[in-house]
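*Asks:* could you work out the structure for the sequence below:
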Amino acid sequence: MRISIQTLGTLGDVMPYLTVARDLIARGHDVTVLAPRDYQAVITEAGVTAAAPPGFSVKDWMTRSSERGTLRDPVHFFRDWPVMIRPHVRDVLESALAAARNANLVLANPIAMPARLAAEHHQIPFQLMALQPVLTPSARLPCAMIARTDMGGLLNRASYLAVSAALAGLATALDKERVRLVTRPRPSLTDLSHHLGRPLPRITALPAVLDIRQPGDFDPASQLVDYPALSSSETALPGALSDFLAAGPPPFHLGLGSMSTAGAGHRLAPWLDRLEAAGQRAILAHSLTDHPVGAYGRHYICGPLPHDRLFPHCRAVIHHGGAGTLDTAARAGRPQIILPHMLDQFWNAAMLARQGLAPKPSGRSPKPDEIDRLLAFALSPKVAGTARQRADELAARGAGQPAARSISAIIEAWHADWPTSAS
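*Replies:* Sure thing, here's the model as predicted:
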C-alpha cells in the first residue's frame, strides 16, 4: 500500500507521525510524509521519504503568530485568519495534491485539511489522527483546544463546536478550489463523520500517562490509542554535555518545545534566579537565549537533542505542555512543571496535575514566590517516587512502537474494507 501522511504544525505535530510511518514501512508499505519545509531533514533522518513541502516556513509563521497573539484563543485566531491562514491555502493545497498522487490512502492531522481535499480529488481513502481530543464530540471528554478541565456532559460535547468553527473557516478558504477539483456530491468539510460516502476513521492518540480511556459515546469509526512516541536509536550524549552532567547533581531541564519562544528571554531570568536560590542547576534549550551552546554560568545551554536521550539525566522537566514533551518526561520518570501558553497545553497541564506528576498550572510568567512553590513540588521526594513508579508502569505497557502498531493496524483494517482499494 502507498500511504501519504500529511501533517501541518510544529515539530511536535510531525514526530509522532514519523513513529507511525516507520512502523508502516516495517510492515512493507510505501510511505511518504508531507510536512512544513522546516522539518525535511528530521523526516529523512528518521528513514522516511519526505514529500515536496509547501513553501512557507512554520518557524516564521510561529514567530508572527506569537507577535500577533494568533493562537492565544479562538477569537484571536479568527481575527487573524485573513492574514495568517488564507495566504497559505493554495501553497499547501498544491503540495497535498502532489503528495497524494498515486497514493492508496491519506492519513492527516486535523489542521491539514487540504489533505482531505486531495483524497477527495484522487478518490482514495482518508483517515484523521489527532494528538488531542478534537475529532469526536463526547460528553465524557472535552475538546482540549477549549477546555482546561472536565466541564460536564453537555458542555464537554458543546466545546467541540470550536473545532467546527475552525473547519468552517478552512472550508471557506478552500471552497473555490474544492469546486474546481472535486465533483459532486461535496459534503461539508465540517462533517468529520464521513468521507466519500463511507465512515471516516478518526484516531485520537493521547499520552498514556494521562490514563484516559476511550469514552463509551465514541462512534465505531473513532479510536483512542496511546501517543506514539518516537524512540531514538542512539543513547550517547555530546561530550561537553556529559561533562556538565558528571560535574554535579541532576539538573532541571527548561525548554518550550518547538513553539515560538519570542519574548522568552525576559521570563528566563526569574527562573534561573530561583533555581540557584534552591541550589539547583539547569539545562536550557538553546531557543531560550542567544547564548551559544555550552556553559552558561552554573547552567548549560543545550543544542537540539532528542528528549528521550536527555530527560533520563534530568531531575525534573519544565516545559510548555506539548503532548510529546509530556509523554517523554513521564516515560523518563521525571516530575514536570508545565507553563502552558496556548490551546491544548492548558488541558494537558490540568490532566497531568490530576495524576500527581505536575503542580496545578500557573501563569505564563509566575512571580518568584510562585516559582518557589513550583520548584518545591518538583523537588519533593514523594513526587519523584510517584514519577518513577508511573514510568515503570508505562514501560510495562510499552512505548512508541506498541502504539504505532495499534495505529498501523487501524489504518490497514480500514483500507482493506475500502471497496475500491488497491495495494
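
*Asks:* the stretch 301-423 of the chain: strands as residue ranges?
*Replies:* For the stretch 301-423 of the chain, the strands defined by DSSP state E, counting those that start in this stretch cover 316-319, 336-338.

*Asks:* tabulate these (a markdown table), appending distance to Ala285 and mean neighbour count.
*Replies:* C-beta coordinates here come from the backbone N, C-alpha and C atoms, glycine included. Shown next, in a markdown table, are the strands of the stretch 301-423 of the chain (distance: least, C-beta to C-beta, whole Å; neighbours: other C-beta atoms under 10 Å):
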| stretch | distance to Ala285 | mean neighbour count |
| --- | --- | --- |
| strand 316-319 | 9 | 27 |
| strand 336-338 | 14 | 27 |
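
*Asks:* remind me, longest helix of the chain?
*Replies:* helix 161-181 (DSSP state H).

*Asks:* I'd like to know which elements the helix or strand that that one is followed by is packed against.
*Replies:* Sequence-wise, the next helix or strand downstream of helix 161-181 (DSSP states H and E) is strand 194-195. Applying 3 or more C-beta pairs under 8 Å, 6 or more residues apart in numbering; DSSP states H and E, one finds that strand 194-195 makes contact with helix 113-122.

*Asks:* what angle do the helix it packs on and helix 161-181 make?
*Replies:* Inter-element angle recorded for helix 113-122 and helix 161-181: 40 degrees (by axes from the mean of the first three to the mean of the last three C-alpha atoms, to 10 degrees).

*Asks:* helix 113-122 packs against which elements?
*Replies:* Using 3+ C-beta pairs under 8 Å, 6+ apart, helix 113-122 sits against strand 2-6, helix 89-100, strand 105-108, strand 126-130, helix 161-181, strand 194-195.

*Asks:* now render those as a markdown table, adding mean neighbour count and mean pLDDT.
*Replies:* Listed next are the helices and strands packed on helix 113-122 as a markdown table, based on neighbours: other C-beta atoms under 10 Å; pLDDT from 0 to 100:
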| stretch | mean neighbour count | mean pLDDT |
| --- | --- | --- |
| strand 2-6 | 26 | 97 |
| helix 89-100 | 20 | 94 |
| strand 105-108 | 27 | 97 |
| strand 126-130 | 24 | 96 |
| helix 161-181 | 16 | 87 |
| strand 194-195 | 16 | 92 |
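
*Asks:* right, and the ones you listed - which one's nearest Leu237?
*Replies:* Leu237 lies closest to strand 2-6 among the helices and strands packed on helix 113-122, at 30.1 Å (C-beta to C-beta).

*Asks:* now the closest one against helix 89-100, angle please.
*Replies:* If you take the same axes, to 10 degrees, strand 2-6 sits at 160 degrees to helix 89-100.

*Asks:* just the CA atoms of strand 2-6, as CSV, please.
*Replies:* Only the C-alpha atoms of strand 2-6 are listed here, as CSV (Å, rounded to 0.1, in the frame of the first residue of the first chain):
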residue,chain,number,x,y,z
ARG,A,2,1.2,3.5,-0.8
ILE,A,3,0.4,5.9,2.1
SER,A,4,0.7,9.7,2.1
ILE,A,5,1.0,11.0,5.7
GLN,A,6,0.3,14.8,5.7
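
*Asks:* any chance you could list what contacts the least confident helix or strand in the chain by mean pLDDT?
*Replies:* For the chain, counting by mean pLDDT, DSSP states H and E, helix 74-79 ranks last in confidence among helices and strands (a mean of 72). With C-beta atoms under 8 Å, 6 or more residues apart in numbering as the test, helix 74-79 has contacts from 68-71, 145-146, 162, 165-166, 169.

*Asks:* now with 6 Å?
*Replies:* Helix 74-79 is contacted by residues 69-70, 162 when judged by C-beta atoms under 6 Å, 6 or more residues apart in numbering.

*Asks:* buried ones in it?
*Replies:* Neighbour counts over helix 74-79 (16 or more other C-beta atoms under 10 Å) mark 76-77 as buried.

*Asks:* remind me which helix or strand Gln40 belongs to.
*Replies:* Assessed by DSSP H and E, Gln40 sits inside helix 40-45.

*Asks:* buried residues, that helix. List them.
*Replies:* Neighbour count says helix 40-45 has 42-43 buried, by 16+ other C-beta under 10 Å.

*Asks:* check stretch 102-116 too.
*Replies:* Quick answer for stretch 102-116 (16+ other C-beta under 10 Å): 103-116.

*Asks:* which residues are in contact with Thr328?
*Replies:* So Thr328 contacts 307-308, 311 (C-beta under 6 Å, 6+ apart).

*Asks:* from Leu161, how far off is it?
*Replies:* According to C-beta to C-beta, to the nearest Å, Thr328 stands 32 Å off from Leu161.

*Asks:* restrict the least confident helix or strand of the chain to CA atoms and write it as CSV.
*Replies:* The C-alpha trace of helix 74-79 is given here as CSV (Å, rounded to 0.1, in the frame of the first residue of the first chain):
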residue,chain,number,x,y,z
PRO,A,74,-10.3,31.3,19.2
VAL,A,75,-11.2,35.0,19.0
HIS,A,76,-7.6,36.0,18.1
PHE,A,77,-7.3,33.0,15.7
PHE,A,78,-10.3,34.0,13.6
ARG,A,79,-9.4,37.7,13.8
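
*Asks:* can you give the distance of that helix from its chain's centre?
*Replies:* Computed by C-alpha atoms, centre = their mean, to the nearest Å, the separation of helix 74-79 from the middle of its chain amounts to 21 Å.

*Asks:* can we start the residue count at 764 from this point?
*Replies:* With 764 as the first residue, the last one maps to helix 837-842.

*Asks:* the following helix or strand past it: how far from the chain's middle?
*Replies:* Counting by DSSP H and E, the next helix or strand C-terminal to helix 837-842 is helix 844-847. Centroid displacement of helix 844-847 relative to its chain, using C-alpha atoms, centre = their mean, is 23 Å.

*Asks:* any low-confidence regions in this protein?
*Replies:* The model of the chain has pLDDT under 70 over residues 836-837, 844, 1020-1029, 1162-1164, 1183-1186.

*Asks:* that older thread, and the contacts of helix 837-842 as CSV, adding distance to His1049?
*Replies:* Shown next, in CSV, are the contacts of helix 837-842 (distance: C-beta to C-beta, whole Å):
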residue, distance to His1049
Gly832, 25
Thr833, 24
Ala925, 34
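
*Asks:* and of the residues you listed, the nearest to Pro1014?
*Replies:* Pro1014 lies nearest to Gly832 out of the contacts of helix 837-842, by C-beta to C-beta, at 32.3 Å.

*Asks:* Gly772 should be in a helix, yeah?
*Replies:* No. Using DSSP: H, G, I helix; E, B strand; the rest coil, the assignment for Gly772 is coil, not a helix.

*Asks:* ok, now which ones touch it?
*Replies:* Counting by C-beta under 6 Å, 6+ apart, Gly772 makes contact with Ile874.
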